[in-house]
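[1] Give the three-dimensional model of this entry:
(one chain, ligands or ions: 2)
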Amino acid sequence: MAVCTAYNVKSLNSSYSVSTPAKSHLGFHQNQVFFYSSGSKKTNYRRSGSSVITCADSGTIVIGLAADSGCGKSTFMRRLTSVFGGAAEPPRGGNPDSNTLISDTTTVICLDDYHSLDRTGRKEKGVTALDPKANDFDLMYEQVKAIKEGIAVQKPIYNHVSGLLDPPELIKPPKILVIEGLHPMYDERVRDLLDFSIYLDISNEVKFAWKIQRDMAERGHSLESIKASIEARKPDFDAYIDPQKQYADAVIEVLPTQLIPDDNEGKVLRVKLIMKEGVEFFSPVYLFDEGSTISWIPCGRKLTCSYPGIKFAYGPDSYFGNEVSVLEMDGQFDRLDELIYVESHLSNISTKFYGEVTQQMLKHSDFPGSNNGTGLFQTIVGLKIRDLYEQLTATKAGAPLQATKA
Ligand SMILES: Nc1ncnc2c1ncn2[C@@H]1O[C@H](COP(=O)(O)OP(=O)(O)OP(=O)(O)O)[C@@H](O)[C@H]1O
Ligand SMILES: O=C(CO)[C@H](O)[C@H](O)COP(=O)(O)O
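    Numbering: from 1, shown residues only. Ligands and ions are numbered 1, 2, ... in the order given. Sure thing, here's the model as predicted:
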């Protein structure tokens, strides 16, 4: 959707005419003229006289979400889509093994679709899917750029069931495109297209515990095969995936709890939300007092906590040489409805009404991590993305036009 505004247009009257495919969506207000159209980024509108007005498209906003496999990307995407008030579904009538999820506002594409080598090809060449050699970054860049500019693309599909590359599917430009997967911030060209980026940083101990839970309980894998798969991926994970966190605007870091000495169960988690300072349209969340260093145990009269309790921390820090604010939660909630007490002490959470975070968390209490900092911080980042989208769209829509003589 292009929303174009021309300022200081003199002598507007009903005889003003515009030769544009969007003529029916022309609107006047005071001395401004608004055009609404769909299509590519720049559209020229010719006035009946001789001036040409160039206007900018509000375009597609692109969000990058990076994490290793099995680290909560799908769960995060479901929380994000819900913040925009919809449910995401695979493209209708398309490949049943498509990795894409579409809702009214968002389209989530999985970057596994840019694997250039299929499962057999990787095996033959002795490379993992994490190796850049197994991925087509030129195509990823071209297609994300095209979508950002309002152009639909035929994106390949990597079929996780067969391990083959399936025929492509059509991706139309949405309001928000989320590119999720192993490498959204690896290639500098793709990275530069991102309006906001998130890295889910799951420590090895926790990743192992989650993998066991899913792949052993739900997929029937053995403990040995899970260990072997994590070990086999580790060198490439360290070389190509993990370094991307230095570029992220927000990092959700998940660590074992510090509340239970030598805990190795991985059930109680310590979660940090690391937020870069100075990112346009993103103001970091804070606890009590912006910029201060705070330690807070909220358990007591207003928050029920069983062993080992809950501890929050907040303060400024440095992360890969960048100034950041860090909000931390260790422990888990006993009663989600009491989360409102914590929410009311957080600021800059970009809610539209009092208690929206608590409402979202209660709505999805069955999602993994809903009783701890993973669910809380994913929900908050979802709200921040909505806020960023609204600010970016408003800014682009209101950007002064360059009016030039034809
Ligand atoms: N916050 C969490 N707390 C506990 N377990 C979690 C959490 N997030 C994810 N998990 C576990 O990890 C599994 C994978 O989560 P999810 O499907 O969201 O990850 P993913 O990154 O999309 O995985 P993949 O890339 O393999 O599809 C879940 O089934 C669950 O067992
Ligand atoms: O890391 C992964 C997903 O993020 C997968 O391992 C990768 O896509 C390879 O797929 P498959 O397991 O089907 O061979």
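
[2] Contact residues of the chain facing ligand 2?
    69, 112, 119, 129, 160, 163, 181-182 (CB under 6 Å from any ligand atom). Glycine gets a C-beta too; all of them are placed from N, C-alpha and C.

[3] ok, which residues in this protein are in contact with ligand 1?
    Checking the chain against ligand 1 by CB under 6 Å from any ligand atom, the hits are 67, 69-75, 210, 213-214, 368-369, 374.

[4] can we see that at 8 Å?
    Applying CB under 8 Å from any ligand atom, we find that the chain lies next to ligand 1 at 67-78, 110, 112, 180-181, 200, 209-211, 213-214, 218, 254, 269, 367-370, 372, 374-375, 378.

[5] List buried residues within these.
    Among the residues of the chain next to ligand 1, those scoring as buried are 67-78, 110, 112, 180-181, 200, 209-211, 254, 269, 367, 369-370, 372, 374-375, 378 (criterion: 16 or more other CB atoms under 10 Å).

[6] residue ranges for the helices of the stretch 201-350 of the chain, please.
    Secondary structure of the stretch 201-350 of the chain (DSSP state H, counting those that start in this stretch): helices at 204-211, 223-236, 339-343.

[7] Let me have those in JSON lines, extended by mean pLDDT and distance to Phe312.
    Formatted as JSON lines, the helices of the stretch 201-350 of the chain follow (pLDDT from 0 to 100; distance: least, CB to CB, whole Å):
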{"stretch": "helix 204-211", "mean pLDDT": "88", "distance to Phe312": "19"}
{"stretch": "helix 223-236", "mean pLDDT": "90", "distance to Phe312": "31"}
{"stretch": "helix 339-343", "mean pLDDT": "96", "distance to Phe312": "7"}
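
[8] Which of the residues of the chain next to ligand 1 fall within strands?
    Judged by DSSP state E, strands contain the following of the residues of the chain next to ligand 1: 110, 180-181, 200, 254, 269.

[9] could you redo these as CSV and give each row pLDDT and distance to Leu194?
    CSV is the format used below for those (pLDDT from 0 to 100; distance: CB to CB, whole Å):
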residue, pLDDT, distance to Leu194
Cys110, 98, 16
Glu180, 98, 12
Gly181, 98, 13
Leu200, 98, 15
Val254, 97, 22
Leu269, 96, 27
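
[10] Distance to Tyr354 added to these, as a markdown table?
    Shown next, in a markdown table, are these (distance: CB to CB, whole Å):
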| residue | distance to Tyr354 |
| --- | --- |
| Cys110 | 35 |
| Glu180 | 31 |
| Gly181 | 36 |
| Leu200 | 28 |
| Val254 | 28 |
| Leu269 | 27 |
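
[11] quick check: angle from the lengthiest helix in the chain to helix 204-211?
    What stands out as the longest helix in the chain, according to DSSP state H, is helix 373-397. Angle of helix 373-397 versus helix 204-211, following axes from the mean of the first three to the mean of the last three CA atoms, to 10 degrees, is 100 degrees.

[12] which other helices and strands contact helix 373-397?
    Applying 3 or more CB pairs under 8 Å, 6 or more residues apart in numbering; DSSP states H and E, one finds that helix 373-397 contacts strand 2-6, strand 61-66, helix 73-83, strand 196-202, strand 250-256, strand 269-276, strand 322-331, helix 356-363.

[13] mean pLDDT for these: which is lowest?
    Sorting the helices and strands packed on helix 373-397 by mean pLDDT places strand 2-6 lowest, at a mean of 41.

[14] rewinding a little: between the helices and strands packed on helix 373-397, which gets nearest to Ile230?
    Minimum separation from Ile230 across the helices and strands packed on helix 373-397 (CB to CB) falls at strand 196-202, 11.3 Å.

[15] sorry, back to before: got the buried residues for the longest helix of the chain?
    For helix 373-397, by 16+ other CB under 10 Å, it's 373-389, 392-393, 396-397.

[16] and what of stretch 310-321?
    For stretch 310-321, a neighbour-count test (16+ other CB under 10 Å) marks 310-315, 319 as buried.

[17] want to try CSV for the residues of the chain next to ligand 2, with distance to Phe333 as columns?
    Listed next are the residues of the chain next to ligand 2 as CSV, based on distance: CB to CB, whole Å:
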residue, distance to Phe333
Ser69, 28
Asp112, 33
Arg119, 41
Ala129, 36
His160, 33
Gly163, 40
Gly181, 30
Leu182, 31
